[in-house]
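Engineer: Structure for the following, please:
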Amino acid sequence: MRTNDLLRLSAAASLVLFAACSKDTTSPSLIDQTTLTTDVASSSGDAIATDVYALNLEEGSWGALPAAAMAPAEIMGDSLSWSYTRTCFDSTGAGVACGTSAVRKAAVHWTFTGIRNDTAENGAVFTGDVMRSAYDTLFRNFTAGTEVSRTHDGVSAGSDTTSFVGPNVTRTYQEAGTDSVDAVVFNVPRSSFPYPASGTIIRNVAAQATFKNATETQTTDIAKRVEVDFNGTIVATLKIDNKTCDLNLLTHRVTNCQ
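Structural biologist: The predicted model follows:
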């Protein structure tokens, strides 16, 4: 066989071998960015709805403030374990007994731990093992001697482990989250206005995401900003990446992400 023919056959064989090796060593990524965003929206929405529940407790069973009674059916209870401390002040800044009409401001520190379970918008069942701590300052707002609203400002931080079980892939997130409560206002009487009238809670999440199927495991590090804006109704607006979703403050469920 001529030298030129040998060279051509050798080159063709090399191309076939290269293509075969490339095909064998390349596998599709388990990590889908849309799924990842939906997962974080679901777990973060649940966390922020839990924040709102804690703010309600500060006025109701924890704080026993006047006109704080909430319609029980309107606010979802929680299976988490709670503990808290609070200090109350009058209009001059002097300390007073909490739960009295003299209270104008309350500083609250609360912690909670436990397990949360729900279903994400993509249908995956998720379980969250949570441990969080928060500081909140509550201000009572008066007009002509009549209380008209209460404003909350504060921060919370926590470490959560959230798992989503899908039909083929299980996703686990080791999350470090920080929530900022910015001028979240509840109108009074609370029994008539169970949901925040205005304000925002922003959650910044840093996490390691692990996607695992029957044969392989892949991980990636992520950082997400989640914003929830309140409008006085049961459904608040949740924003993540370029998507806008609905957050039901009663069920903690995130839906209709577009």
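
Engineer: Same question for the helix or strand where Ser180 lies: list its buried residues.
Structural biologist: For Ser180, the host element (DSSP states H and E) is strand 170-187. Across strand 170-187, burial judged by 16 or more other Cβ atoms under 10 Å covers 170-173, 175, 177, 179, 181, 184-187. No exception for glycine: its C-beta is placed from N, CA and C like everyone else's.

Engineer: One more: stretch 81-88?
Structural biologist: 84, 86, 88.

Engineer: Check the offset of stretch 176-194 from the chain's centre.
Structural biologist: 15 Å (Cα atoms, centre = their mean, to the nearest Å).

Engineer: go on, stretch 44-61?
Structural biologist: 12 Å.

Engineer: Also stretch 107-124?
Structural biologist: Taking the mean of its C-alpha atoms, stretch 107-124 sits 8 Å from the chain's own mean (Cα atoms, centre = their mean).

Engineer: same deal with stretch 145-157?
Structural biologist: Centroid displacement of stretch 145-157 relative to its chain, using Cα atoms, centre = their mean, is 20 Å.

Engineer: The buried residues of stretch 81-88 into TSV, with extra columns for pLDDT?
Structural biologist: Output for those, formatted as TSV (pLDDT from 0 to 100):
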residue	pLDDT
Tyr84	90
Arg86	93
Cys88	94
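
Engineer: Please, which helix or strand holds the spatially most central residue of the chain?
Structural biologist: Closest to where the C-alpha atoms of the chain average out (Cα atoms, centre = their mean) is Ser44, at 1.6 Å. Counting by DSSP H and E, the element that carries Ser44 is helix 33-59.

Engineer: one step back: in its sheet, what does the strand holding Ser180 sit against?
Structural biologist: strand 146-165 (antiparallel), strand 198-212 (antiparallel) (DSSP bridges).
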